[in-house]
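Q: quick one, what's the 3D model for this:
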Amino acid sequence: MALREIRTFNDPILRKKCKTVDAVNSRIINILDDMAETMYHSIGGGLAANQVGILRCLVVVDVGDGLLKLINPEIISTEGLQIVNEGCLSFPDVWGEVKRPKKVTVKFNNENGETKYIDGEGILAQCLCHEIDHLNGTVFIDKVIEFIKL
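A: Numbers count the residues shown, from 1 in each chain. I've put the predicted structure just below:
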């Protein structure tokens, strides 16, 4: 495993749409492992592949309940609304209030290529939405209602 450089602020790759992963192989597994190591090292709750310069639909998330590795994640349903304080590893020291669904269901492939579903509520729903937005070239500052000064 290796730490990857997190792309920040105006790096154009953060605005690009990621491509679907066609086959899960050792390269994809290694990228996910590197992303997880980078996320933990940076003290984040999630990381999308384009944040480390890779335009593939890969996400890692850990909001305290264990590491999730998602390949080709997509939100298939949402419910409710929450307004949350949010930050991003690609925008260090920037915080804002963002509207997110209170609950989401996400379809994804696991490391074995199997189709799985996960239901997220609260902070997990927030993090899943945030990271999947990244895969679509959307960054959280696009959704900020009000910036927060620390």
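
Q: from now on I want contacts and neighbour counts done on CA atoms only, so please keep to that.
A: Will do.

Q: ends of stretch 46-54, what's the gap?
A: Stretch 46-54 has an end-to-end distance of 15 Å (criterion: C-alpha to C-alpha, to the nearest Å).

Q: look up how far Lys149 lies from the residue nearest the centre of the chain.
A: By C-alpha atoms, centre = their mean, the chain has its centre lying nearest to Glu131, at 2.1 Å. Glu131 is 23 Å from Lys149, where distance means C-alpha to C-alpha.

Q: what do you get for Gly66?
A: 30 Å.

Q: quick check: longest strand in the protein by residues?
A: If you go by DSSP state E, the chain has its longest strand at strand 68-79.

Q: can you give me the mean pLDDT across stretch 139-147?
A: Across stretch 139-147, the average pLDDT comes to 97.

Q: residues in contact with it?
A: 14-15, 86-88, 94-99, 130, 133 (C-alpha atoms under 8 Å, 6 or more residues apart in numbering).

Q: coming back round to it: confirm the residue nearest to the centre of the chain sits in a helix?
A: Yes: counting by DSSP: H, G, I helix; E, B strand; the rest coil, Glu131 falls inside a helix.

Q: that one and Trp95, how far apart?
A: For Glu131, the distance to Trp95 equals 16 Å [C-alpha to C-alpha].

Q: what do you get for Glu79?
A: From Glu79 to Trp95 the distance is 24 Å (C-alpha to C-alpha).

Q: again, but for Gly45
A: The gap separating Gly45 from Trp95 is 14 Å, by C-alpha to C-alpha.

Q: leaving out chain neighbours, which residue sits closest to Ile29?
A: Glu111 (6.8 Å; C-alpha to C-alpha, 6 or more residues apart in numbering).

Q: follow-up on the earlier one: tell me which of Glu79 and Trp95 has more neighbours.
A: Taking other C-alpha atoms under 10 Å, Glu79 and Trp95 do not tie; Trp95 has more neighbours (19 against 13).
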